[in-house]
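Visitor: Here you go, sequence then predicted model.
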Amino acid sequence: MANNKSAKKRIETNKRNRLQNRYYKTSVRTLTKLFLKTLDDKTPQSKEKLQTILNSIYSFLDKGTKKNVFHKNTAARQKARLASKLSAIS
């Protein structure tokens, strides 16, 4: 356990940051799974739904990169892979 005031503050800061990082990572993971599941559907509405999901994933990846949750190359790689999967069905 922390023995001084600054160490206690640091514990609280780390807890806050951990929760924030987890929010971004789990959101990206969940949306990616939803994207891949929707990718299997071959309905006309699925194309529009896929694009909105992809935009949400891009948003979370970009915001997470800005807050140093994801490395910039990791985010770019994930975005490129998802975009190529979407363009493959077109």
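Guide: That came through fine. These numbers come from a predicted model, not from an experiment.

Visitor: Checking the residue most central in space within the chain next. Helix, strand or coil?
Guide: Nearest to the geometric centre of the chain sits residue 28, at 2.6 Å (Cα atoms, centre = their mean). With DSSP: H, G, I helix; E, B strand; the rest coil as the basis, residue 28 sits in helix.

Visitor: same check, this time on the one 5 residues further on
Guide: Applying three-state DSSP to residue 33 yields a three-state assignment of helix.

Visitor: And for residue 68?
Guide: Three-state assignment for residue 68 (three-state DSSP): coil.

Visitor: before we move on, back to that, any idea how far residue 48 is from the residue nearest to the centre of the chain?
Guide: Separation of residue 28 from residue 48 (Cβ to Cβ, to the nearest Å) stands at 21 Å. Just so you know, the C-beta spots here come from the backbone N, C-alpha and C atoms, and that holds for glycine as well.

Visitor: Which residue is the nearest non-sequential neighbour of residue 65?
Guide: The shortest distance from residue 65 to any non-neighbouring residue, by Cβ to Cβ, 6 or more residues apart in numbering, is to residue 75 (4.6 Å).

Visitor: Can you read off the pLDDT for the one you found?
Guide: Note on residue 75: pLDDT of 97.
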